[in-house]
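> Pasting a predicted model and its sequence here:
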Amino acid sequence: MATYVITGGTGMVGRYITNVLLQQNHEVIVLTRNPENKISTNRLTYAYWNPSKNEIDNNIWKKADYVIHLAGAGVADKRWTKSRKLEIANSRIQGGELLAQSLQSNENHVQAFISASAIGWYGPDTATNKNGFVETDAVYDDFLGQTCLKWEESVAGIEKLGIRLVKLRIGIVLHPSGGALKEFVKPVKFGLATILGTGRQKISWIHLDDLSSMILYAAQNSHIHGVYNAVAPNPVSNKEMTLAIAKILRGNFYIPVYAPSFALQLLLGEMSIEVLKSTTVSSKKIQAAGFSFSFGNLEAALKNLLKSS
């Protein structure tokens, strides 16, 4: 069995992957600023790192076979003030730079490094991307696009160390424990299916189970390297997703309501751009590399995710 070092291990995705790895009898080392406050077990341990101080416990490399780098402040957790935008960017870039420096400076036997990125790289849909953005498309010149660029650049040097590097541009991750789905569900529980803006904007989503499987597929298969989009094969509109959730949770007992764009702009500020933006992203490259989705269409994904709601 292998040893995986995980950053962002206390987040929704990190916790899920950690549990999957432990079920598969792997060992997991979670990097955290406060390892002394965590309870380690036989195969789950915690080690210190603090990217803002450029500090890390280099002893982790004695055991590490794989690295899964997920750390980053939540993009949609708070209003985008100047300081929050800096935190969003630095929490991603500083962590990547620290890991790259530490690997370069210490003897290790790491086989693969899997780094999160995001579909924020691409910006809004255009007339030319009707089949979805692909991995070779240029980075978009806005806050999230440039953050994704610097995020990916922060780990680029790892490849020069002879370590296989995979960067996954992750879409909207669906799971009832957090993220977008939790926000979609809140008004539906009161019988309101809240459609944002026109509702026509496309959402490139992925079930958390598929994302976890894709990350481990990338780690464990040596032919996977470079950039891949981590999205399901069938993007849907905001309206389609909202009404599908309402149908599952409320049957016919819900009222569709529209939250107008100007109200969202007042409420969310600059972050409203992301809520109202249409981004259609292609999954063809990862599928051509042999990955199979368990939840390729939204209805099956939502029925699985909301079955106990």
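Yep, it's here. These numbers were taken from a predicted model, which means no experiment stands behind them. Numbering: from 1, shown residues only.

> For the rest of this, base every contact and every neighbour count on C-alpha atoms.
Will do.

> wouldn't F133 be in contact with G123 here?
No: counting by CA atoms under 8 Å, F133 stays clear of G123, with 9.5 Å between them.

> if I read this right, I6 contacts A64, doesn't it?
No: contact between I6 and A64 fails when scored by CA under 8 Å: they sit 9.9 Å apart.

> The two - which one has more neighbours?
I6 (25 against 21; other CA atoms under 10 Å).

> What does the more buried one show for phi and psi?
Backbone torsions for I6, taken as degrees, to the nearest 10, come to phi -120, psi 130.

> wait, what's in contact with the residue nearest to K130 when sequence neighbours are not counted?
Spatially, and ignoring its direct neighbours in sequence, K130 is nearest to T280 (7.7 Å; CA to CA, 6 or more residues apart in numbering). By CA atoms under 8 Å, 6 or more residues apart in numbering, T280 lies in contact with 125, 129-133, 202-204, 235.

> pLDDT weak spots in the stretch 201-309 of the chain?
For the stretch 201-309 of the chain, the stretches flagged by pLDDT under 70 are 308-309.

> what helix or strand does T45 sit in?
For T45, the element it lies in under DSSP states H and E is strand 44-50.

> How many neighbouring residues does S83 have?
S83 is flanked by 8 other residues according to other CA under 10 Å.

> Spell out the secondary structure type for it.
helix (DSSP: H, G, I helix; E, B strand; the rest coil).

> what's the spacing between it and N54?
Per CA to CA, to the nearest Å, S83 is found 20 Å from N54.

> Would you map the helices across this protein?
Secondary structure of the chain by DSSP state H: the helices cover 12-23, 82-105, 143-155, 179-188, 208-220, 238-250, 261-268, 272-276, 284-288, 298-305.

> Ok, which of those helices comes nearest N50?
Between N50 and the helices of the chain, the shortest separation by CA to CA is 8.1 Å, and it involves helix 82-105.

> gap between that closest one and the chain center?
16 Å (CA atoms, centre = their mean, to the nearest Å).

> Would you mark the buried spots in it?
Buried residues in helix 82-105, counted by 16 or more other CA atoms under 10 Å: 84-85, 87-103.

> Next, the residue nearest to K130: phi, psi?
Note on T280: backbone dihedrals following degrees, to the nearest 10 are phi -100, psi 120.

> Check the one 3 residues further on too.
Backbone dihedrals for S283, given as degrees, to the nearest 10, come out at phi -110, psi 10.

> does it really touch M214, like I thought?
No: at 11.5 Å, S283 does not count as touching M214 under the criterion of CA under 8 Å.

> anything in contact with each of those two?
Common neighbours of S283 and M214 (CA under 8 Å, 6+ apart) are A230.

> burial of E240, as a residue count?
Close neighbours of E240, defined as other CA under 10 Å, add up to 18.

> who's in contact with the closest residue to it other than its chain neighbours?
Closest residue to E240 apart from its sequence neighbours, by CA to CA, 6+ apart: G199 at 7.9 Å. Going by CA under 8 Å, 6+ apart, G199 touches 237-240, 258.

> so what pLDDT did G199 get?
For G199, the pLDDT comes out at 95.

> how far away is it from I68?
Look at G199 and I68: by CA to CA, they are 34 Å apart.

> ditto for N19
Plainly put, N19 is 14 Å away from I68 if you go by CA to CA.

> now D125
29 Å.

> And F262, by the same measure?
Relative to I68, F262 is positioned 39 Å away (CA to CA).

> likewise A219?
Distance from A219 to I68, counting by CA to CA: 8 Å.
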